[in-house]
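J.: with the sequence up front, the predicted model follows.
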Amino acid sequence: MSWRTSSLIGIAVGAVLLAGCGPGEPAADSAKTSPARPSSAGSSSAGSSVTSPPMTTTSRPSRPAPTAPKPPVLGDGRYAVWLTGLDQRSGTVTFDVVQWLTGAAADAAFHREHPDATDRHVPNGFYIVNQNPRLRMLQVRPDVSLSVLVPMHGTEQQRISFAAFPKYLAGDLEPRDNKLWSNPFWLTVRNDRIASVEEQYIP
């Protein structure tokens, strides 16, 4: 091989080696890689994992359910009763509501309960029916009006205070029954409180 030929071969080999390198870059640094750039927040590139912050909920305190109003012990009105209890400390009266019947209603009720009776009309013109033995209790008003019969004076009545009522009832002729007095009383109820107490005369 002549010197010309070998020089050409050397030049060609050098050109090939220099072709793999960029301008101004040495051949020994060709294997180096540039550092990876950090992905920006919210990037959706493959392989990246984005964790959402946990959601928080605020619960409002529950309000108590509205309660229905308490039904009255008795509606406003006038009621015939047997008195069964009295408490002056609490100002309450316990009683059993009855039906005070007169006229045709009294006659019908009397013959219904006494079918063998021969009298056409009920004796004394009245009849007491107690279909429900339920006991009720109500407070008396501070200004309660209380009327009782004057002993040995028939239908004549007198006014007494609620404080003096127990002394009057102490004269009960039948203390063994569940009633405080042998005669019924009329209670006038207003706004679930006793406004007046009146003794009923029985012949």
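T.: All right, it came through fine.
J.: from here on, just use CA atoms for contacts and neighbour counts.
T.: Noted.
J.: the protein: strands as residue ranges?
T.: Secondary structure of the chain, counting by DSSP state E: strands at 77-87, 92-102, 126-129, 135-149, 157-160, 185-190, 193-199.
J.: show me the one of those strands that comes nearest residue 115.
T.: strand 126-129 (14.7 Å; Cα to Cα).
J.: for that closest one, name the packing helices and strands.
T.: Helices and strands in packing contact with strand 126-129 are listed as strand 92-102, helix 103-113; criterion 3 or more Cα pairs under 8 Å, 6 or more residues apart in numbering; DSSP states H and E.
J.: list the buried residues of stretch 89-106.
T.: For stretch 89-106, burial by neighbour count (16 or more other Cα atoms under 10 Å) applies to 92, 93, 94, 95, 96, 97, 98, 100, 101, 102, 106.
J.: got the contact list for it?
T.: Stretch 89-106 is contacted from outside by 79-87, 122, 125-140, using Cα atoms under 8 Å, 6 or more residues apart in numbering.
J.: tell me where the model's unsure across the protein.
T.: Along the chain, segments meeting pLDDT under 70 span 1-61.
J.: give the contact list for residue 139.
T.: Under the criterion of Cα under 8 Å, 6+ apart, the contact list for residue 139 reads 90, 91, 92, 93, 192, 193, 194.
J.: swap in 10 Å and give it another go.
T.: 86-88, 90-94, 189, 192-195 (Cα atoms under 10 Å, 6 or more residues apart in numbering).
J.: and the residue lying closest to it once chain neighbours are set aside, what are its bridge partners?
T.: Taking Cα to Cα, 6 or more residues apart in numbering, and ignoring the residues beside it in sequence, residue 139 has residue 92 as its nearest neighbour in space, at 4.2 Å. Applying DSSP bridges to residue 92 yields these beta-bridge partners: residue 87, residue 139.
J.: what's the spacing between residue 92 and residue 162?
T.: If you measure residue 92 against residue 162 using Cα to Cα, to the nearest Å, the figure is 10 Å.
J.: shared neighbours, those two?
T.: Counting by Cα under 10 Å, 6+ apart, the common neighbours of residue 92 and residue 162 are 140, 141.
J.: Serialize the contacts of residue 139 to TSV and add fields for distance to residue 111.
T.: Shown next, in TSV, are the contacts of residue 139 (distance: Cα to Cα, whole Å):
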residue	distance to residue 111
86	34
87	38
88	40
90	42
91	40
92	36
93	33
94	30
189	31
192	35
193	36
194	34
195	35
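J.: can you tell me which of those residues is nearest residue 68?
T.: Within the contacts of residue 139, the smallest distance to residue 68 is 16.7 Å, found for residue 192 (Cα to Cα).
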